[in-house]
Each structure stands twice: as C-alpha cells, then as structure tokens.
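Enquirer: Everything below, folded, please.
(one chain, ligands or ions: 1)
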Amino acid sequence: MYTKKVIQHFTNPHNYGKIEKADAIGEAGNPICGDLMKIYIKVNKNIIENIKFETLGCVAAIATSSMITDLAKEKTLDEAMKISNKDIAKSLEGLPPIKMHCSNLAADALHDAIEKYQKTIKS
Ligand code: FES
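Expert: Model prediction:
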C-alpha cells in the first residue's frame, strides 16, 4: 500500500525531534484520527536554517513530516509557504488516496509555524 520512499521515511525519519529555543512552533491535528504534529523552525535572514518535527501519528503522518522537513530546509519563508500537501505526496512517490489527508497535517503544521514566526517579528 505504501511506496518504498514512504517506508524509508517512516523507518528512518529525517529531522525528528525538537529544537530548543525554536523561533516558532507550528501545530496541526486531525480531530478524526487524533494524530498530532509539531514543526519547530529556526530562521535566519528569512531562510529556514533548521527544522525538526514531532509527530504522534500513522505511517503516512510520520513520513510526510519527515519529507516536509527535507523540502523546507534552507528555503525562504515564502518558498516554504508554497509547499503543498500535493508536493509532499509527490516527493514520496505517492500516497494511498485514503492517506492523502495525513499530508495536510504536515503542510498545515509548517504553514502554522511560518505564520507564527511572521507574527512575532511584526510585533
Ligand atoms: S490517519 Fe491520522 S494523520 Fe494519518
């Protein structure tokens, strides 16, 4: 049911953990399955210098979290904001249709972190 890439990211997730003194922490949850995701970012000159995640969730939730950290690392905030759940699924060489909603969590948590960061620098 899962592609090789999904299994690789699930069994060996990239950038797992938290960043102490993160510049922002994004959160997303799925009320139906109860899965939760947190994305920590460290920003320098508008670029995501470091990114980590903590996810309590299914295989697809972990794999999409891992993939989004790879996709967003060293991107500008604007570029990272444009990463969609479809981009994540494509980079994982596909997700089963019933698991597409899991990729929304990763995109939502990243976008939440960026929005929170932008609010803190404006205030
Ligand atoms: S089933 Fe909940 S995020 Fe995948």
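
Enquirer: after the helix or strand hosting I62, next one along is what?
Expert: Element membership for I62 (DSSP states H and E) is helix 59-72. The first helix or strand that comes after helix 59-72 along the chain, using DSSP H and E, is helix 77-81.

Enquirer: so how far is K119 from the closest residue to V43 other than its chain neighbours?
Expert: Excluding its sequence neighbours, the residue lying closest to V43 (Cβ to Cβ, 6 or more residues apart in numbering) is D23, at 4.9 Å. No exception for glycine: its C-beta is placed from N, CA and C like everyone else's. Counting by Cβ to Cβ, to the nearest Å, the separation of D23 from K119 is 11 Å.

Enquirer: go on, G94?
Expert: 35 Å.

Enquirer: ok, these two, which is more surrounded?
Expert: Legend: neighbour count by other Cβ atoms under 10 Å for G94 and K119, higher for G94 (14 against 10).

Enquirer: Quickly note the distance from that one to N30.
Expert: 20 Å.

Enquirer: Show me where the chain has its strands.
Expert: 24-29, 36-44, 47-56 (DSSP state E).

Enquirer: Which among those strands is found nearest to S66?
Expert: strand 47-56 (7.2 Å; Cβ to Cβ).

Enquirer: Could you list the buried residues of the worst-scoring helix or strand of the chain on mean pLDDT?
Expert: In the chain, no helix or strand scores lower on mean pLDDT, DSSP states H and E than helix 100-122, which sits at a mean of 93. The neighbour-count check on helix 100-122 (16 or more other Cβ atoms under 10 Å) flags 100-114, 116-117 as buried.
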